[in-house]
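[1] Predicted model follows, preceded by the sequence.
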Amino acid sequence: MRAFYAVRSSVKISPFPAGPFPITRTQPHFPQKLFFCHAKFADSEIDGSFTLRLVPPNLIAAEKEEAKAVLTLFLKKQGSSNTVAARIINKSDLFIDHLVSRLHSVHKSRYLVGRELTTLEIRDALIPYLESLLEEHGNILVDIVENFPETPVKEKGVTEVSPPDPALDSRKVKAISRVSETSPTGELRPQILYLMEFGMDLEKIKVIIRKFPAFAYYSLEGKIKPVVQFLLELGVPKSNIPTILSKRPQLCGISLSDNILPTMTFLEELGVDKKQWAKVIYRTPALLTYSRQKLTAAVDFLYEMGVPSENVSKILTRCPNIISYSVEDKLRPTSEYFRSLGVDIGLLLYRSPHTFGLSVEANLKPVTEFFLEKGYTIEEVATMVSRCGPLYTFSLTKNLIPKWDFFLTMDYPKSELVKFPQYFGYNLEGRIKPRYAIVQEHGVKLLLNQVLSLSSQNFDKALKRKLKKMLADDV
């Protein structure tokens with residue numbers, strides 16, 4: 001009976017303190033086995049350091065590979081080829097380390113209970129962050145990634161990338177110069193001083209104006225301050241204001257009474273939770289700048305696809321970025337493709353709205369062909385994506401192929417993946433291989449779902465039950 005008590009626990013992950021991990025410009029240090037994060041807490045002006053914790057090297061390595069896969073997919077969605085994306089990844093080791101640090105910050109609670117992150121959870125944490133960097137830095141995002149944590153010389157964006165219209169270039173330079181202009185008494189413009197109260201320095205303000213020169217001419221009392229005060233009253237933390245303005249400076253040029261408030265009322269009538277506005281705006285501030293026609297077109301499309309009204313509000317709250325997708329160029333072609341597979345479009349839109357931002361030719365068809373080549377039928381593929389909505393958002397080379405190759409070494413029939421396609425959402429090195437090794441070591445048989453989805457404690461209990469049953473059968 002000693003074997004019953006000999007089941008060793010699954011890998012436990014040391015806890016990390018919570019809190020957002022903003023980009024810093026200091027050189028991070030990542031020892032081989034100790035993972036250290038230094039962050040500025042978003043809800044205060046106090047710098048703090050995370051305590052050193054011992055993290056299994058294999059888990060860090062697995063999370064780095066997941067982060068690389070997410071970054072690769074993001075770069076390809078922005079138009080980079082496979083070759084270009086691979087070149088950028090190879091030059092971005094410190095940025096990948098930074099992304100892994102962010103995972104540990106965002107998902108402290110998961111680590112506290114010893115549960116590794118799934119691929120989906122990693123994607124959900126990193127994609128919005130990468131989107132915010134893209135909105136903030138625009139064309140120099142690749143420079144940010146490759147040179148992290150150093151700040152690229154942003155002036156080269158003005159001198160080297162010259163607009164076709166010299167007059168436009170002249171207006172942009174003039175707008176940027178207004179940032180550092182002072183009054184006869186040596187004071188900066190009131191707008192600049194106000195923005196600096198939120199932690200923005202002159203360089204950050206110049207970045208906004210390079211992207212949107214009109215912001216330099218917005219009045220403090222007439223445009224900037226009313227919008228900022230409105231955001232603060234909604235519950236947006238003061239520390240989030242710079243990010244929101246960097247993502248969508250046009251927000252300050254829109255009338256509160258004529259545009260922003262009516263847009264919010266329209267969305268609230270659809271069921272968007274008023275209490276979630278601070279999070280929704282931080283995630284996608286552009287939502288409040290879209291025309292009523294664009295909002296209505298996206299919402300009408302969701303209804304057309306059979307999404308119930310209660311789910312429409314949840315989609316808009318969780319993934320407000322879906323409004324930015326063109327109905328005719330993106331949403332409809334993607335929906336028609338999945339319908340051809342026999343997938344419930346309304347259900348997929350609810351479970352994984354981000355899937356509808358992918359290209360049919362570049363992203364969806366290759367995944368379908370992959371599973372068909374492995375011997376699955378169209379009906380089985382439809383079942384798999386219906387059960388695991390983000391399935392098509394996973395990278396072929398970084399996720400599906402290596403995990404499929406390992407699955408072939410496991411003692412399961414192919415039909416097990418139809419029952420549990422969520423398999424592809426777990427870390428290969430940090431979750432799948434260690435858990436399966438424990439099962440093999442104890443000579444028991446568990447469903448694939450049990451091997452991967454159970455918490456460490458429940459996984460150990462399932463193993464003990466199996467061992468106890470085996471011993472009882474042998475008596």
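    All right, it came through fine.
[2] And the strands in the stretch 151-300 of the chain?
    Assigned by DSSP state E, counting those that start in this stretch, the stretch 151-300 of the chain shows no strands.
[3] Find me the pLDDT at Ala472, would you?
    On the pLDDT scale, Ala472 is placed at 75.
[4] how about whichever strand or helix holds it: buried residues?
    Element membership of Ala472, judged by DSSP states H and E, is helix 456-474. Using 16 or more other CB atoms under 10 Å as the burial criterion, the residues of helix 456-474 that qualify are 456, 459-460, 462-464, 466-467. The C-beta positions use only the backbone N, C-alpha and C, and glycine is treated the same way.
[5] try stretch 124-143
    Buried residues in stretch 124-143, defined by neighbour count with 16+ other CB under 10 Å: 124-137, 140-143.
[6] Am I right that Pro149 sits in a helix?
    No. Per DSSP: H, G, I helix; E, B strand; the rest coil, Pro149 lies outside any helix segment and is coil.
[7] what number of residues lie near it?
    Pro149 is flanked by 15 other residues according to other CB atoms under 10 Å.
[8] What is the burial count for the nearest residue in space to Lys398 that is not next to it in sequence?
    Once flanking residues are discounted, Lys398 sits nearest to Ala69: 3.3 Å by CB to CB, 6 or more residues apart in numbering. Neighbourhood size, Ala69 [other CB under 10 Å]: 22.
[9] Equivalent analysis for Leu193, please.
    Look at Leu193: counted by other CB under 10 Å, it has 11 neighbours.
[10] how near is it to Leu245?
    Leu193 sits 15 Å away from Leu245 when distances are taken as CB to CB, to the nearest Å.
[11] hang on, Arg431 packs against Leu452?
    Yes. Between Arg431 and Leu452 there is a contact under CB atoms under 8 Å: 6.3 Å.
[12] more crowded one of these two?
    Using other CB under 10 Å as the criterion, Arg431 and Leu452 rank with Arg431 on top: 24 against 21.
[13] Let me know the pLDDT of that one.
    Per-residue confidence (pLDDT) for Arg431: 94.
[14] and what of His354?
    His354 is assigned 89 on the pLDDT scale.
[15] Please apply the same query to Ser335.
    Note for Ser335: predicted pLDDT of 96.
[16] my read: it touches Phe356, true?
    Yes. Counting by CB under 8 Å, Ser335 touches Phe356, with 7.1 Å between them.
[17] Which neighbours do those two have in common?
    Shared contacts of Ser335 and Phe356 (CB atoms under 8 Å, 6 or more residues apart in numbering): Leu349.
[18] Comparing the two, which residue is more hemmed in?
    Phe356 (23 against 20).
[19] check contacts around the more buried one.
    Going by CB under 8 Å, 6+ apart, Phe356 touches 322, 325, 330-331, 334-335, 349.
[20] separation between the spatially closest residue to Gly443 that is not a sequence neighbour and Leu94?
    In space, and not counting its chain neighbours, Gly443 is closest to Met470: 7.8 Å by CB to CB, 6+ apart. Between Met470 and Leu94 the distance is 49 Å, computed by CB to CB.
[21] Likewise for Asp258?
    Distance from Asp258 to Leu94, counting by CB to CB: 45 Å.
[22] between the two, which one's more packed in?
    Leu94 (16 against 9).
[23] how would you label the more buried one: helix, strand or coil?
    Assignment for Leu94 (three-state DSSP): helix.
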